[in-house]
Structure formats: C-alpha cells, structure tokens
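Chemist: take a look and give me a structure for this.
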Amino acid sequence: MATIEARALADAETKQRRRRFSPGRIAAWVVMIAFLILTLFPFYWMLRTAFSTTRSLPSDPNSLLPVDFTWGAFERVLGLGTKEQAIAEGGSGASVNFWLYLRNSVIYAGVVTLGQVFFCSMAAYAFARLRWPGRNLVFGIFLGALLVPPIFTSLPNFVLIKNLGLLNTFPGMILPTFLMTPFAIFFLRQFFLGISREIEESAALDGAGPWRTFFRIILPMSTAPVTTLAILTFIQTWNDYFWPLLVGNTDQTKVLTVALGVFRSQTPAGSPDWAGLMAATLLTALPVLLLFFAFARKIIDSIGYSGVK
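Modeler: Coordinates of the predicted model:
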C-alpha cells in the first residue's frame, strides 16, 4: 500500500514538473521578458546618455555604457555647474531654473488634482445615488464628452482665458480642468454603484442626510479609488505640455515640461545638448515614476473595482 502511494506521489510530482516547464509556459516567459526589455531599455538609454558627455557622444554612439562618464549634465540642470564647464562638455551654456519650474509643476498638478478629486467625487455620488430629473441624460452627455479629444477644446478655452485676462497666471492654467473631467466622474461613479445601499439606508435611519452620509461614510469607504484617481490625475497633469505652453509662458508660471522644450531649442552648434536634455527629463519623470510604483497595486485593484477595462 505504501509503495502504491509513493508511486502515485512520484507520478504527481513528475506531472507537476512537466507543467512547470511546458513549451507554452516557456514561450510565455520569453515573450514577457522580451516586452520587459523593450519597455525598460529606453529608460536605460536615457540614463546612459545623461551620464555621458555631449561632446563625446558622436564618437561612440552605439556604446551601451556612458561615453566619457560625468555628472555634468545633472549639475547643469540643477544649476550647480558653471557656464564654462557646460560649454566644455558640449552644452549650450544655457541653464534650466529647475527648482522654480519644479515648484510651478507641483502647484499646477497639485491644485488641479485636489479640485478634481473633491468636485468629481461629489458629482459621481450624485449620478450614482441621488434621483433628480434628467440624471441619465446628463450622464450620457458626460460620457459623450469622453469621445471629444482635449485638443478640440483648447482653442475655445484659450480664448475664454484670454478674455478673462488670466493669461500667464496659475488660475488661467488651472481653471479649465479644476472642477471636473468626464473620466474622473465615470471612474468614481462606477465604484459608488458597487457600495451597498443598506449602508446609506442605515445612516438615513440614524438621521444622517445626503451630505453627512457622503462625507462621513461613503468617502472614507472610497479611499482606494479616490487615491487612485488622485494619482492618475496628478501624473496626467504633471505631464501636460500643450495647455501650459499656450497659457503660461513666463518664468513664474512655466512648468517643467515647457521648460524642457525651451531647453531643447537652445542647441549648441546645431546639435542639441542630449546629455542635459536626458538628465532634465529623468529628473522630471522621477517624481511620477516613484508615485506610480509606490501605489501600483492600489491603482490596479481600484481599476478592477470600478469596472474600467
């Protein structure tokens, strides 16, 4: 009897090993690793270029390692290097007021994120739970707005901001997306629909009105999707280029993405300062990359809960 059980156990282990190393599984791992390399290689190439000397890059453009390793590009971007040192390494001698533009980007992305999370959560709750005439029609219009590319509304918004005298100001940059976006309302509404009505009915029996129910019960229960929306909104606003370029052209309102475009146009001897540009791009992307990696699991789970595919 023991021999039969041992043989059955050995057969099961053999089958399990075969499943582990099946051709399909191996092919899936190969494809996944290939996609991972294709995804990460551009970031590595940016890092390699940032640690190279711009003047030395043409001498060995195919090298996988930094060419004439230096920290000079990061020093130029952060304002720590001298103009003579920048020119010697192949830079233009121009500098980026990194800390000022970083402050502007934080203000722009932070205020837009706070406004959208606050107002869109209330609007989404109204669409999910409150009954009022024309609710479904209005929500259908919001869904239709998802089909309109943002570039189509940029010109009307620019004319409106110009007529209000808000060009080159933070309010002018923030107002068009401060109150809401159709995606944010749709995203949170899908989550609110999944909350049991019995919770709200119990709160109503205890004398809580809609406002108290929302702020004291529903919103604390929705921490995960609200946090996810805040992260997605912050990343999207942080990476925004076209609208800040139209509205904020002064140093006091210029954000990092626009500043990088200006830095790119300052070409020494007809060739861009690739090392400086890659260093500035890495420093600009670093905050949002850290934010995304820190909350990646929460973002994925919340998207699943909200039914967004």
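
Chemist: pLDDT-wise, which helix or strand of the protein ranks last?
Modeler: Within the chain, judged by mean pLDDT, DSSP states H and E, the helix or strand with the poorest mean is helix 2-20; its value is a mean of 58.

Chemist: could you identify the helix or strand that succeeds that helix?
Modeler: Under the assignment DSSP states H and E, the closest C-terminal helix or strand after helix 2-20 is helix 23-50.

Chemist: now for that next one, which elements pack on it?
Modeler: Applying 3 or more C-beta pairs under 8 Å, 6 or more residues apart in numbering; DSSP states H and E, we find helix 23-50 packed against helix 274-294. (Glycine included, C-beta is placed from N, CA and C.)

Chemist: between helix 23-50 and the helix it packs on, find me the angle.
Modeler: Taking axes from the mean of the first three to the mean of the last three C-alpha atoms, to 10 degrees, one finds helix 274-294 and helix 23-50 inclined to each other by 130 degrees.

Chemist: residues contacting residue 78?
Modeler: Counting by C-beta atoms under 8 Å, 6 or more residues apart in numbering, residue 78 makes contact with 98, 99, 283.

Chemist: okay, these in TSV with distance to residue 275 next?
Modeler: Below are those laid out as TSV (distance: C-beta to C-beta, whole Å):
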residue	distance to residue 275
98	15
99	20
283	13
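
Chemist: can I have the buried ones of those as a ChimeraX selection?
Modeler: To isolate in ChimeraX the members of the contacts of residue 78 that are buried, counting by 16 or more other C-beta atoms under 10 Å, one can use:
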select :98,283
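
Chemist: list the buried residues in the lengthiest helix in the chain.
Modeler: Criterion DSSP state H: the longest helix present in the chain is helix 98-128. For helix 98-128, the neighbour count (16+ other C-beta under 10 Å) marks 98, 101-102, 104-105, 108-109, 111-113, 115-117, 119-128 as buried.

Chemist: neighbours around the closest residue to residue 260 other than its chain neighbours, how many?
Modeler: Closest residue to residue 260 apart from its sequence neighbours, by C-beta to C-beta, 6 or more residues apart in numbering: residue 280 at 5.5 Å. Neighbourhood size, residue 280 [other C-beta atoms under 10 Å]: 25.

Chemist: residue numbering should commence at 375 henceforth.
Modeler: Okay, using 375 as the starting number, the last item reads as residue 654.
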